[in-house]
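Participant: Below are the sequence and a predicted model for it; my questions follow.
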Amino acid sequence: MHVVLAGGGTAGHIEPALALADALRRQDPSVGITALGTERGLETRLVPERGYELGLIPAVPLPRKPTPELITVPGRLRGTIKAAEEILLRTKADCVVGFGGYVALPGYLAAKRLGVPIIVHEANARPGLANKIGSRYAHAVAVSTPDSKLRGARYVGIPLRRSISTLDRAAVRPEARAAFGLDPNLPTLLVSGGSQGARRLNETIQQIAPTLQRSGIQILHAVGPKNELPRVDNMPGMPPYVPVPYVDRMDLAYAAADMMLCRAGAMTVAELSAVGLPAAYVPLPIGNGEQRLNAQPVVKAGGGLLVDDAELTPEWVLSQIVPVLSDPHRLYEMSRAAGEFGRRDADDLLVGMVYEAIAAHQNR
């Protein structure tokens, strides 16, 4: 069996594809896996690092919204569809699984031409253009949110790294807090806005960090690799404020934390829900509003808070986050609600869908 994965460009597309690849290999170590990608995407580093074959095709970025540029897309796609077809033929692909982004659409159209079954996975609450088109031809459509508008979609969640999907936060907490130099017993706020989305979160937390510390709350703050680390004067007896440029072991960061202040990317929401970590979600105020839609279901379930970027102020943090971190019962209830909403088995569910699609195609 050979499966071709189409989800290049950003980590939000690549990581779920690689989680599925890992799950397929756990089920059958002999399965062949090829990931479609372009020379400009993160997949050129991430896919080989995980030990999978990368098949490169020309990049044809897709407009996010209907614009006059959309008219030129079919002509520009011809060459990249042909390149994708050649990869499907060379690998004798049994199935194409797409995760959106600009390598997914050529993968879908090439698979349609060759009669290869298609599975679409949409991570965002608001689907992108590639997955809207791909869903028309797909054997099955999997989505990350129960509120998806894609027709016939099955709610499975997002395939996650095993270090996250199998994480027992309570069991790992002592090790995690020691790793970051945190107090083993104090309520802990984890803060991260990624790289480009971190600025407002960073500014707010840096203003209010001393007040949080005086309230008995310690802070683990991933400021983003492109942002300057704040100067910290941790006074003796005060809860720690630990700023770091980047966290490469998010499983340990999640285990160390009692709550997180973060953006609302689909992967972030899925990971926090899966591990039962409540969060204050601050959707990025750009794009088409998908981050707010990503966070709304878990917030509605009681597993988090939601605040607009413009309303994230030191006063909001004091009035909304501090009371949660200061109330062990409320923290427990929010953690339980997030965990009940989250899905840890999306990778295995998607493997089952792959096998179903291949079997249905073979038995036609």
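Facilitator: Structure's in. What do you need?
Participant: which non-adjacent residue is nearest G55?
Facilitator: I87 (4.1 Å; C-beta to C-beta, 6 or more residues apart in numbering). (Each C-beta comes from the backbone N, C-alpha and C, glycine too.)
Participant: what's around that neighbour, how many residues?
Facilitator: 22 (other C-beta atoms under 10 Å).
Participant: Quick check: buried residues in the helix or strand where it lies?
Facilitator: Assigned by DSSP states H and E, I87 falls within helix 73-91. Of all the residues in helix 73-91, those buried under the rule 16 or more other C-beta atoms under 10 Å are 77, 80-81, 83-85, 87-88, 91.
Participant: out of those residues, who's nearest A125?
Facilitator: Closest approach between those and A125, by C-beta to C-beta: L77, at 26.3 Å.
Participant: List the beta-bridge partners for M260.
Facilitator: Here M260 shows beta-bridge partners L190, A279, assigned using DSSP bridges.
Participant: show me what contacts it?
Facilitator: Contacts of M260 were listed using C-beta atoms under 8 Å, 6 or more residues apart in numbering, and they are 189-192, 254, 272, 277-280.
Participant: distance of it from G9?
Facilitator: Remark: distance between M260 and G9 (C-beta to C-beta, to the nearest Å) = 25 Å.
Participant: Spatially central residue in the protein, please.
Facilitator: Centroid-nearest residue in the chain: M267, 1.5 Å away (criterion: C-alpha atoms, centre = their mean).
Participant: mind listing what that one touches?
Facilitator: Counting by C-beta under 8 Å, 6+ apart, M267 touches 11-12, 15-16, 123, 158.
Participant: and if you look at P243?
Facilitator: 221-223, 229-230, 232.
Participant: Correct me if wrong, but it is in a helix.
Facilitator: No - secondary structure of P243 (DSSP: H, G, I helix; E, B strand; the rest coil): strand, not part of a helix.
Participant: so where's this protein uncertain?
Facilitator: Residues of the chain meeting the criterion pLDDT under 70: 61-76, 195-196.
Participant: okay, now the domains of it?
Facilitator: The chain resolves into domains spanning 2-160+344-362, 164-341 when parsed by automatic domain parsing.
Participant: about what we covered before: report the contact partners of the residue nearest to G55.
Facilitator: Counted by C-beta under 8 Å, 6+ apart, I87 has contacts 4, 34, 36, 55, 57, 93, 110.
Participant: what would these look like in a markdown table with distance to R154?
Facilitator: Output for the contacts of I87, formatted as a markdown table (distance: C-beta to C-beta, whole Å):
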| residue | distance to R154 |
| --- | --- |
| V4 | 21 |
| T34 | 25 |
| L36 | 23 |
| G55 | 27 |
| I57 | 28 |
| A93 | 22 |
| A110 | 24 |
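Participant: from those, which two are the most distant?
Facilitator: Based on C-beta to C-beta, the longest span within the contacts of I87 runs between I57 and A93 and measures 13.6 Å.
Participant: Can you list phi and psi of the residue of the chain most remote from its centre for me?
Facilitator: Distance from the C-alpha centroid of the chain peaks at P236, with 37.8 Å (C-alpha atoms, centre = their mean). Torsion angles at P236 (phi, psi; degrees, to the nearest 10) stand at phi -60, psi 130.
Participant: For the stretch 151-300 of the chain, which segments count as strands?
Facilitator: Counting by DSSP state E, counting those that start in this stretch, the stretch 151-300 of the chain has strands at residues 154-155, 188-192, 218-222, 241-244, 259-262, 279-281.
Participant: How about the contacts made by the residue nearest to P240 when sequence neighbours are not counted?
Facilitator: Counting by C-beta to C-beta, 6+ apart, Q218 is the residue found nearest to P240 once chain neighbours are left out, at 4.8 Å. Q218 makes contact with 182-183, 186-189, 239-242 under the criterion C-beta under 8 Å, 6+ apart.
Participant: out of the residues you listed, who's nearest E49?
Facilitator: V242 (27.5 Å).
Participant: For the closest one, give the beta-bridge partners.
Facilitator: Partner residues in beta bridges with V242, using DSSP bridges, are L220.
Participant: give the contact list for it.
Facilitator: V242 makes contact with 180-182, 218-221, 232, according to C-beta under 8 Å, 6+ apart.
Participant: Now that we have those residues, can you turn them into CSV and tack on distance to P48?
Facilitator: Below are those laid out as CSV (distance: C-beta to C-beta, whole Å):
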residue, distance to P48
F180, 30
G181, 34
L182, 35
Q218, 38
I219, 36
L220, 31
H221, 32
V232, 37
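Participant: And the buried ones among those, selectable in ChimeraX?
Facilitator: Here is the ChimeraX selection string for the buried members of these, based on 16+ other C-beta under 10 Å:
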select :180,182,218,219,220,221
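Participant: my guess is M238 contacts Q213, does it?
Facilitator: Yes - here M238 reaches Q213: they are 4.9 Å apart, a contact under C-beta atoms under 8 Å.
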